[in-house]
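# Structural data only, the sequence is not supplied:
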């Protein structure tokens, strides 16, 4: 698990591509401290397993599913990436729950300065926008950010100078592709409250389908326990 608080910016030193996979070599310093082979590092929000350690660099395998869902498919040698080690059990929870499992990508549709902040408007597909809520959390290239505005096919975030300068947001411009991970809590709540209609492949209320096992999780239950 990660928190979306980027520790440092790394650089892709090499990419060895297979037919539907790749091996990345990424230069880094801070995230290598205490890291062992088999540990997880989030690379632009993607949870990757360290397969080899070198002086000031590590290697990680990227499978077909990851390439098809993320911006790593377009990564090139020299690309900068946000890096974060998996959260330690005794660490501070500075961002929000980030699994490192990217839901898809979005496109930066606008960027503008607002006094000491920078606004980014990001267009995303319906399956991403479904879980985006105003003042909720979303992960953009591995960065835990607060959603400031939501429209039909896009959302906006406002980033402070520190966040911009310490992450790859500093180089992002209109038209760039970014990795997006929705807040996982919303997806779990939906799964508990709704069941899948096998005939229509649509979601219907769990209490509306008589021939399906009824959910014992209700809105009152979630409200009682702070959800």
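Okay, I see it. Here the structure is a predicted model, which means the values were calculated and not measured.
# make it CA atoms for all contacts and neighbour counts henceforth
OK.
# Have a look at this structure and report the helix or strand with the lowest mean pLDDT.
strand 202-205 (a mean of 54; mean pLDDT, DSSP states H and E).
# doesn't residue 132 make contact with residue 146?
No. Taking contacts as CA atoms under 8 Å, residue 146 lies outside contact range of residue 132: 10.1 Å.
# any common contacting residues for these two?
Common contact partners of residue 146 and residue 132 (CA atoms under 8 Å, 6 or more residues apart in numbering): residue 138.
# Neighbour count for the two, which is higher?
Each of residue 146 and residue 132 has its neighbours counted (other CA atoms under 10 Å); residue 132 has more, 23 against 19.
# Give me the distance between the more buried one and residue 149.
9 Å (CA to CA, to the nearest Å).
# and for these two, which residues touch both?
Joint contacts of residue 132 and residue 149 (CA under 8 Å, 6+ apart) are residue 155.
# and the closest residue to residue 40 other than its chain neighbours, what element?
Computed as CA to CA, 6 or more residues apart in numbering, the closest residue to residue 40 that is not its neighbour in sequence is residue 49, at 4.6 Å. When elements are assigned from DSSP states H and E, residue 49 belongs to strand 46-54.
# how about that strand: buried residues?
Buried residues in strand 46-54, counted by 16 or more other CA atoms under 10 Å: 46-51, 53.
# just stretch 110-123 next, same as before
Per 16+ other CA under 10 Å, stretch 110-123 contains these buried residues: 111, 117-123.
# measure it end to end?
Termini of stretch 110-123 sit 9 Å apart (CA to CA).
# Give the rounded mean pLDDT of it.
When pLDDT is averaged over stretch 110-123, the result is 95.
# again, but for stretch 12-19
94.
# repeat for stretch 30-37
96.
# Just give me how far it sits from the chain centre.
Distance of stretch 30-37 from its chain centroid, counting by CA atoms, centre = their mean, to the nearest Å, is 21 Å.
# Repeat that for stretch 165-175.
15 Å.
# What separation is there between residue 107 and residue 74?
Residue 107 is 13 Å from residue 74, by CA to CA.
# And the two? Which one has more around it.
residue 107 (19 against 9).
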